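>>> I would like to see how this sequence folds:
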Amino acid sequence: MDKTIINSNQAPEPIGPYSQAVLIGNTLYISGQIPIDRSTGNMQNASIEEETEQVMKNLGFILKEAGLDYKHVIKCSIFIRNMDDFGRINAEYGKYFQVDPPARETVEVSRLPKNVNVEISCIAIK
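So this is what the prediction gives:
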């Protein structure tokens, strides 16, 4: 098994014993991202739109580090604290996948790390 750990110095450092992403063969598995801006260390959470935008940027930083971009994403998992935010999250998320969007599920959960409102992970193929 050819396993490569991918870490971007632009995305938040992991807050536990995991990697930002793992590349195995042509498949990149990106861990769930939350809305931390690594350049400031601050949570970007003034609104659910701002949170979602920062999460998507963090995913993009990791994709770029692996030599990929959003068009390579085949699957996303979205975890949200309030399903009432679904439409607003979807609108922001959709800006990154305007053509041939990936498969996806969205799950409401009771709590997320650092008490954020949205966390997204994804799988991409080279």
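>>> make it CA atoms for all contacts and neighbour counts henceforth
OK.
>>> show me where pLDDT drops low in this protein?
Confidence mapping of the chain against pLDDT under 70 gives zero matching residues.
>>> Arg47: neighbouring residues, count only.
Just so we're on the same page, residue 47 is Ser rather than Arg. Other residues near Ser47 number 11, with proximity taken as other Cα atoms under 10 Å.
>>> Tell me the spacing between it and Pro17.
Using Cα to Cα, to the nearest Å, one obtains 29 Å as the distance from Ser47 to Pro17.
>>> list the helices and strands the lengthiest helix in the chain packs on?
Among the elements of the chain assigned as helix by DSSP state H, the one spanning the most residues is helix 48-65. The criterion is 3 or more Cα pairs under 8 Å, 6 or more residues apart in numbering; DSSP states H and E, and the helices and strands that helix 48-65 contacts are strand 27-33, strand 36-37, helix 86-94, strand 118-125.
>>> 6 Å - rerun?
The contact analysis (3 or more Cα pairs under 6 Å, 6 or more residues apart in numbering; DSSP states H and E) places helix 48-65 against no helix or strand.
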